[in-house]
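Engineer: A structural model of the following input is requested.
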Amino acid sequence: MGQWVIYATGRRERPVDVHRKRADRPSLPSRDAHCPFCHGHEAAVPEIVMELPARDPKYWQTRVVRNKYPVLVPETSVQEDQEGIYRAMTGYGRNEVIIETPAHNVDIAAMSPEQVRAIIETYHKRYVDIYAADENIQCIIIFRNRGERAGTSLMHPHSQLVASAFVPGCIRVQERRAKEYFEQEKSCVFCDIIGFERKSRKRVVFENESFIAFVPFAAEVPFQVWILPKGHQSDFAKISDQEKTDLAGTLRDVLRRLDEQVQGPDYNYIVKSFAKQNRSAPYLHWYVEVRPRLVTAAGFEIGSGVHVNHSIPEEDAEILREA
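Structural biologist: Got it, this is the predicted structure:
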């Protein structure tokens, strides 16, 4: 929101030719003897925080562990310091890994609907439990990196959660822009976007009872997709059981379309919820952003903050709808 995007279509021939280049993904075994996330390697992870059990009591559906190399840790206090004009803070927070399946070689797009539903259930439980247990946490980011270009370090299917004692600047900016829109228009900007996209249909990729997935009007990268709850919902904590099932179906569908039509790109997806203090704000609306890593930001993008997209959103959406 509030960002300009340049569409430089002259830099590519056709969207299909440029973007349908399969990522080089090695064939993986169902269990890797050296992978700490595989079943039976419990001694290789620092601490098991929670598990969703499987039908067979010897196994599990999802498992949450503390990150062995965390960006933030709870073994410190929340302290702020001032050094001249600079402000500093201790690295308090939590960093957890959500192991999505015991199988080493099954990605979300190839999972059953029930398995993806278990992943969403795990996200929700950790999100709710951390806020309830730790009053110092001000913001929780849940994300998934797939592939080297997206920042993954282990091939076993997994997501991460980072809970911080501060609110990241980009989230503050998005909250401020949403609030400004609400004050001017007396409505939620995300709800208005949903209404326009459902009427237009040009950028819609998938829709079910609870969620809509579409390529944003000002998509910053090729084949970027937003997944939003169709009913106004400011906080991911408020998702219902049926909506968990519908979100799982939508996310699985979008990732399968990317794998089929864009040949399995590296990507990040992020559950975009907002600051703890604003979780009930009428102008906020959580969503999931899927961001393929097909292009690399260069000097102009870094210097200006303006993204250059070689694809047209309507064309990207049409390609994904064809799946």
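
Engineer: gap between the two ends of stretch 127-147?
Structural biologist: 25 Å (CA to CA, to the nearest Å).

Engineer: for it, which positions count as buried?
Structural biologist: 127-128, 130-131, 134, 137-147 (16 or more other CB atoms under 10 Å). (C-beta placed from N, C-alpha, C; glycine too.)

Engineer: again, but for stretch 316-323
Structural biologist: Asp316, Ala317, Glu318, Ile319, Leu320.

Engineer: now do stretch 172-188
Structural biologist: By neighbour count on 16+ other CB under 10 Å, the buried set for stretch 172-188 is Gln174, Glu175, Ala178, Lys179, Tyr181, Phe182, Cys188.

Engineer: likewise for stretch 193-211?
Structural biologist: In terms of neighbour count (16+ other CB under 10 Å), stretch 193-211 has its buried residues at Ile193, Ile194, Glu197, Arg203, Val204, Val205, Phe206, Glu207, Ser210, Phe211.

Engineer: do the same with stretch 262-277
Structural biologist: For stretch 262-277, using 16+ other CB under 10 Å, the buried residues are 262, 264-276.

Engineer: quick check: Ile312 vs Glu243, distance?
Structural biologist: The spacing between Ile312 and Glu243, counted by CB to CB, to the nearest Å, is 31 Å.

Engineer: returning to that earlier point: can I get the buried residues of stretch 193-211 in JSON lines with secondary structure?
Structural biologist: Putting those into JSON lines (DSSP: H, G, I helix; E, B strand; the rest coil) gives the following:
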{"residue": "Ile193", "secondary structure": "helix"}
{"residue": "Ile194", "secondary structure": "helix"}
{"residue": "Glu197", "secondary structure": "helix"}
{"residue": "Arg203", "secondary structure": "coil"}
{"residue": "Val204", "secondary structure": "strand"}
{"residue": "Val205", "secondary structure": "strand"}
{"residue": "Phe206", "secondary structure": "strand"}
{"residue": "Glu207", "secondary structure": "strand"}
{"residue": "Ser210", "secondary structure": "coil"}
{"residue": "Phe211", "secondary structure": "strand"}
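
Engineer: and the strands in the stretch 201-323 of the chain?
Structural biologist: 204-207, 211-214, 225-229, 267-272, 287-292, 307-309 (DSSP state E, counting those that start in this stretch).

Engineer: now the fifth one: how far from the chain's centre is it?
Structural biologist: Strand 287-292 has its average C-alpha position 5 Å from the chain's average C-alpha position, going by CA atoms, centre = their mean, to the nearest Å.

Engineer: could you spell out the sheet neighbours of it, each with its direction?
Structural biologist: strand 225-229 (antiparallel), strand 267-272 (antiparallel) (DSSP bridges).

Engineer: report the angle between whichever helix or strand Val128 is part of and strand 287-292.
Structural biologist: Using DSSP states H and E, Val128 falls within helix 113-133. Relative orientation of helix 113-133 versus strand 287-292 (axes from the mean of the first three to the mean of the last three CA atoms, to 10 degrees): 120 degrees.

Engineer: could you point out which element follows helix 113-133?
Structural biologist: Next along from helix 113-133, by DSSP H and E: strand 139-146.

Engineer: name the helices or strands packed onto that next one?
Structural biologist: helix 113-133, strand 158-164, strand 267-272 (3 or more CB pairs under 8 Å, 6 or more residues apart in numbering; DSSP states H and E).

Engineer: so what's Pro53 closest to, chain neighbours aside?
Structural biologist: Leaving aside its chain neighbours, Pro53 sits nearest to Trp60 (5.8 Å; criterion: CB to CB, 6 or more residues apart in numbering).

Engineer: count the neighbours of the one you found for me.
Structural biologist: For Trp60, the count of nearby residues is 18 (other CB atoms under 10 Å).

Engineer: quick one: it from Ala118, how far?
Structural biologist: 9 Å.

Engineer: find residues that contact each of these two.
Structural biologist: Leu52 (CB atoms under 8 Å, 6 or more residues apart in numbering).

Engineer: hang on, isn't Pro53 packed against Gln61?
Structural biologist: Yes. The pair Pro53 / Gln61 is scored as a contact, 6.8 Å apart, by CB atoms under 8 Å.

Engineer: more neighbours, the two?
Structural biologist: Per other CB under 10 Å, whichever of Pro53 and Gln61 has more neighbours is Gln61, with 20 against 12.

Engineer: contact partners for the residue nearest to Pro53?
Structural biologist: His39, Glu51, Leu52, Pro53, Ala54, Pro102.

Engineer: show me which of the residues you listed is closest to Gly299.
Structural biologist: When these are ranked by distance to Gly299 (CB to CB), Pro102 comes first, at 44.0 Å.
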